[in-house]
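A.B. asks: Test case, fold it:
(chains A and B)
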Amino acid sequence: DGGITQSPKYLFRKEGQNVTLSCEQNLNHDAMYWYRQDPGQGLRLIYYSQIVNDFQKGDIAEGYSVSREKKESFPLTVTSAQKNPTAFYLCASSPIRITNTGELFFGEGSRLTVL
Amino acid sequence: SQQGEEDPQALSIQEGENATMNCSYKTSINNLQWYRQNSGRGLVHLILIRSNEREKHSGRLRVTLDTSKKSSSLLITASRAADTASYFCATDASAGNTPLVFGKGTRLSVIA
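C.D. replies: Predicted coordinates for the structure are as follows:
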């Protein structure tokens, strides 16, 4: 089935450790996004990519890093520099680039807890 | 930056009643979208309305857009317990090359 797969669904991390969240899509979408969601809050944009080997910072990129080596993959690394990483992370994709924003397709999310 | 702000933050209604949620935004937009999120899950797209449209329907959903007031409303008619979820509006600024910006959402509870 076509869609976006995020893994792992739940992740625990000790302070000072880096952790990488996986996001894979088989929808052949150009654009991919990472959002962070805190309890009772909306989504805040971390990074986005419109094309392979290119990505841009969102509103809260500090302490995070991404790569886009393949069209279908957009992993997010939460580094030890991120001071408050406990959150729900959502990956999304869209079939067209930013200049004509259309519908976003979301994964089921990854919940990261720092112990 | 959060462009859209939903109102109310939380809404509780009886099954069969209508639910209305509002969204206000700050800058000119190309389109406005509404999404639904069940607890602990990803978001699902509900409906998109373009800046040159005033009203759009999809099943039990009705969306209006007033660009002069920079506001939109989402109406769910004849609500069901399964409609219980959080609802978010999202906008894309007409100026510049920027992704969607989401509001904080309205948490809807439909009581059977």
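A.B. asks: From here on, just use CA atoms for contacts and neighbour counts.
C.D. replies: Will do.
A.B. asks: The nearest residue to B:Gly105 once chain neighbours are set aside and A:Val52: what is the separation?
C.D. replies: Closest residue to B:Gly105 apart from its sequence neighbours, by Cα to Cα, 6 or more residues apart in numbering or on different chains: B:Phe88 at 4.4 Å. As judged by Cα to Cα, to the nearest Å, B:Phe88 and A:Val52 stand 29 Å apart.
A.B. asks: Also B:Ser39?
C.D. replies: Where A:Val52 is concerned, B:Ser39 sits at a distance of 32 Å (Cα to Cα).
A.B. asks: which parts of chain B sit against chain A?
C.D. replies: Applying Cα under 8 Å from any Cα of the partner chain, we find that chain B lies next to chain A at B:1-2, B:33, B:40-45, B:48, B:88, B:92, B:96-105.
A.B. asks: now those: which count as buried?
C.D. replies: B:2, B:33, B:42-45, B:48, B:88, B:92, B:98-105 (16 or more other Cα atoms under 10 Å in any protein chain shown).
A.B. asks: Relative to the helix-or-strand element of chain B with minimal mean pLDDT, what are the paired strands and their orientations?
C.D. replies: Between all helices and strands in chain B, the lowest mean by mean pLDDT, DSSP states H and E belongs to strand B:5-7, at a mean of 85. Sheet pairing here is set by DSSP bridges, and for strand B:5-7 it gives strand B:19-24 (antiparallel).
A.B. asks: what about the partner strand, average pLDDT?
C.D. replies: Strand B:19-24 carries an average pLDDT of 96.
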